[in-house]
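**Q** quick one, fold the following:
(one chain, ligands or ions: 3)
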Amino acid sequence: MTSSSPEKLASSTQSPFIVSAPGKVIIFGEHSAVYGQPAIAAALSLRCYLLVSPNDNDRITLEFPDIKLNHSWNKHDIPFEAIKSLVKLDDKGRPKVTEELVPEISDKLSPLLENIESKMHHTACFCFLYLYSNLVSQETPGMKFVVRSTLPIGAGLGSSASTSVCLASALAVLGNWVTKASFSHDEPATDKDAEELEFIDQWSLIGEKCFHGNPSGIDNAVATHGGAVMFQRNVGADNQPSVRTNIRNFPELKLLLTNTTVPRSTAKLVGGVGELTKRYPTIFKDVLNSMGNLSVEAHDIMTTSKFGELEQKKLQDLINVNHGLLVALGVSHPSLEQVKIIGDKFNIGATKLTGAGGGGCAITLVNANVDETELKKAMDEFSQHGFECFDTSLGGKGVGALYSEDISNADLFSTELFCGYRDRHEIEQALGIANNNEWRFW
Ligand SMILES: Nc1ncnc2c1ncn2[C@@H]1O[C@H](COP(=O)(O)OP(=O)(O)O)[C@@H](O)[C@H]1O
Ligand SMILES: C[C@@](O)(CCOP(=O)(O)O)CC(=O)O
Ligand SMILES: [Mg+2]
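**A** Residues are numbered from 1 along each chain as shown. Ligands and ions are numbered 1, 2, ... in the order given. Predicted structure coming up:
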C-alpha cells in the first residue's frame, strides 16, 4: 500500500516537522449534528501541536505528556500485510476511508493494545495505530510523535478532533498521500490543496470514530479547514458526503468561553442521547428538528448583510433556546447551569453549553454594550466557583505545518523542549501561529 519509492520516503521522513490544528466552538446545534441536523461551529485560537521526528531505531514512539502517555511499539509488530489486504484504494490509489471502523482491522491491532490499562491511553493509542496502519507503510522509518495542546482536554472544545487532524495530516505526509503544506498565512489554497485537505478531513473523521464512536464530523471539519462553517452530516443510506458551507464575513461576536473544568466523556454523552432517542423517538425527533431549524435561523441572522443590535439580540434568544433544548437532551450539568445563572445575574449576555456538555465549557454571547463592571463581577464569581475563562478568538486557520528547513531555531523541534513546555502560555509563546510567519497551510 505504499505510494512512494524509498528515496522519496527517506526525504519526506528525514527532517522533523510540526503540524497543528485548532479546536472549535460549536455555537449552535451540538448533538443534533450527530443526527444529520445542520450545526454551526468556528475554529478556536486554542490548538493542538504534533511534533514528528525520526527515531534512531525501528520503534514508533508516542509521547503525549498532556495525558501522561508514553508508549512505543516495534514497527515490525504492526500487521501491515494483514491490514493492507483489508484496505480498499480510492480512484487516486490512496487508502479509502470506510463508513465505519473496520472490525477486522481493530481486531488485528488489539494485541498491540493489550497491556494498556487506562481507557484514555487505550483510546489514544487505538486512534494512532488505526490511522498509522492505514496511512503509513512498512518502509517508513521508526518515528517519534509528541502531542501538546493549548486546548483543555475533554472540555467540549474539540481536543479529540484537533488531535485526530494532527495525526491524520502527519501520517498522510509520512505515507506520501499528501504533499507538504506550502501556503503561508494569507495565500489562497489551490484546488490541489483543497483536495488534500479533504483527504485529511476524511481520515480525521476516522480518528474521531476511534475516540468517540459516533461523531458527526463537524469537529474535525472545522479543525481541518478552519474558519466558521455550517455543517450537515449526511445520515442517508446513499453514502453521500456531509455538506460543509463556509460562513464568510462571520460577524464580530464577543463570545466568553468558560470552562467548568468538570471532566466528562463525549462518547458517554453522545451515547446517552442515543439511548433517549431510541426510547422516545417521536419526542426527540421533534427536539432534534427544532435544533436544526434553530441553526438555520441563526445562519440566516449571522449572514445578513447588516448585522446590528437587533441581529445580536436575536442570536442571544437562539443561544438561550438552544441551551434549553440541550437540557431536554439531558446533557447539561449543575456546573453549566451555574455559569448560566451567574451570567444572567450580572446580565452579561446569553449562555449555552458547547460541545458534548455534561461539564466542560459554556459560551456566553456577551451584550454589545455590556457593563464592564458587571462583567468583571461575573468573571470574579466564575473564578470563585473554580471556573476558568478563556480569552480567545474565533474563525482562525485550520491545519498547518512548520518545517525545520524553514526555521533557524532548531530548538522548536527538540522533543525534550516540546515535552517540557509547562502550560498553554509557553506552548503558545513558542509555537503560536500568530508568532511564526513560517507556518504553512494546505
Ligand atoms: N493533548 C492531547 N494529548 C493526547 N490526547 C489528547 C489530547 N487532547 C485530546 N486527546 C484525546 O481526546 C480525548 C478527549 O476527547 P473528547 O472526550 O471528545 O473531548 P473534547 O471535548 O476535548 O473533544 C482524550 O481522552 C484523549 O484521548
Ligand atoms: C456532541 C457533538 O455534537 C460535539 C462533541 O464535541 P466535543 O467532543 O465535546 O468537543 C458530537 C459530534 O457532533 O460529533
Ligand atoms: Mg471530542
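**Q** what about stretch 283-290, near ligand 2?
**A** No: Stretch 283-290 does not reach ligand 2 (C-beta under 6 Å from any ligand atom); its nearest approach is 11.2 Å. For the C-beta atoms, the positions are set from N, CA and C on the backbone; glycine is no exception.
**Q** and that stretch, what's its mean pLDDT?
**A** Across stretch 283-290, pLDDT averages out at 97.
**Q** pull out the buried positions in that stretch.
**A** Buried residues in stretch 283-290, counted by 16 or more other C-beta atoms under 10 Å: 284, 287-288, 290.
**Q** same question for stretch 328-343.
**A** Applying 16+ other C-beta under 10 Å to stretch 328-343 flags 328-329, 331-333, 335-340, 342-343 as buried.
**Q** kindly report the same for stretch 342-354.
**A** By 16+ other C-beta under 10 Å, the buried positions in stretch 342-354 come out as 342-343, 346, 348-354.
**Q** so which strand or helix has K144?
**A** Using DSSP states H and E, K144 sits in strand 143-149.
**Q** so which elements touch that strand?
**A** Here strand 143-149 touches strand 39-54, strand 59-64, helix 159-174, helix 415-420, helix 424-431, going by 3 or more C-beta pairs under 8 Å, 6 or more residues apart in numbering; DSSP states H and E.
**Q** just put those in TSV and tack on mean pLDDT and distance to ligand 1.
**A** As requested, those are exported to TSV (pLDDT from 0 to 100; distance: least, C-beta to the nearest ligand atom, whole Å):
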stretch	mean pLDDT	distance to ligand 1
strand 39-54	97	6
strand 59-64	97	4
helix 159-174	97	3
helix 415-420	96	11
helix 424-431	93	10
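**Q** buried deepest among those, which one?
**A** Between these, helix 159-174 has the highest mean count of neighbours, a mean of 29, where neighbours are mean count of other C-beta atoms under 10 Å.
**Q** next SSE downstream of the strand or helix carrying Q202?
**A** Using DSSP H and E, Q202 sits within helix 191-212. Sequence-wise, the next helix or strand downstream of helix 191-212 (DSSP H and E) is helix 218-225.
**Q** any bit of that following helix sitting next to ligand 2?
**A** Yes: under the criterion of C-beta under 6 Å from any ligand atom, helix 218-225 makes contact with ligand 2 via 218-219.
**Q** what comes into contact with that helix?
**A** For helix 218-225, the surrounding residues in contact (C-beta atoms under 8 Å, 6 or more residues apart in numbering) are 21-24, 26, 29, 33, 39, 41-43, 48, 158, 160-162, 164-165, 169, 197, 200-201, 204-205, 207-208, 228-229, 231, 233, 242, 244, 246, 398-399.
**Q** mind running it again at 7 Å?
**A** By C-beta atoms under 7 Å, 6 or more residues apart in numbering, the surrounding residues in contact with helix 218-225 are 21-22, 24, 26, 33, 39, 41-43, 158, 161-162, 164-165, 197, 200-201, 204-205, 208, 229, 231, 244, 398-399.
**Q** hang on, P251 packs against M302?
**A** Yes: counting by C-beta atoms under 7 Å, M302 is a contact partner of P251 at 5.6 Å.
**Q** ok, the two, which is more surrounded?
**A** M302 (21 against 15; other C-beta atoms under 10 Å).
**Q** that one and E198, how far apart?
**A** Separation of M302 from E198 (C-beta to C-beta, to the nearest Å) stands at 25 Å.
**Q** using CSV, list the CA coordinates for stretch 379-394.
**A** Presented in CSV, the C-alpha positions along stretch 379-394 are these (Å, rounded to 0.1, in the frame of the first residue of the first chain):
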residue,chain,number,x,y,z
MET,A,379,-15.8,36.7,36.0
ASP,A,380,-14.9,37.0,39.7
GLU,A,381,-17.9,34.8,40.6
PHE,A,382,-16.9,32.3,37.9
SER,A,383,-13.4,32.1,39.4
GLN,A,384,-14.8,31.7,42.9
HIS,A,385,-16.6,28.6,41.5
GLY,A,386,-13.3,27.3,40.1
PHE,A,387,-14.4,28.0,36.5
GLU,A,388,-11.7,29.1,34.0
CYS,A,389,-12.4,31.8,31.4
PHE,A,390,-10.6,31.9,28.1
ASP,A,391,-9.9,35.0,26.0
THR,A,392,-9.9,33.5,22.5
SER,A,393,-10.7,34.5,19.0
LEU,A,394,-12.8,32.5,16.5
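**Q** buried residues in it?
**A** Going by neighbour count (16+ other C-beta under 10 Å), the buried part of stretch 379-394 is 379, 381-382, 387, 389-390, 392, 394.
**Q** put together JSON lines for those, with pLDDT, distance to ligand 3 and secondary structure on each row.
**A** As requested, those are exported to JSON lines (pLDDT from 0 to 100; distance: C-beta to the ion, whole Å; DSSP: H, G, I helix; E, B strand; the rest coil):
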{"residue": "M379", "pLDDT": "97", "distance to ligand 3": "26", "secondary structure": "helix"}
{"residue": "E381", "pLDDT": "98", "distance to ligand 3": "28", "secondary structure": "helix"}
{"residue": "F382", "pLDDT": "98", "distance to ligand 3": "23", "secondary structure": "helix"}
{"residue": "F387", "pLDDT": "98", "distance to ligand 3": "20", "secondary structure": "coil"}
{"residue": "C389", "pLDDT": "96", "distance to ligand 3": "21", "secondary structure": "strand"}
{"residue": "F390", "pLDDT": "91", "distance to ligand 3": "17", "secondary structure": "strand"}
{"residue": "T392", "pLDDT": "80", "distance to ligand 3": "17", "secondary structure": "coil"}
{"residue": "L394", "pLDDT": "91", "distance to ligand 3": "18", "secondary structure": "strand"}
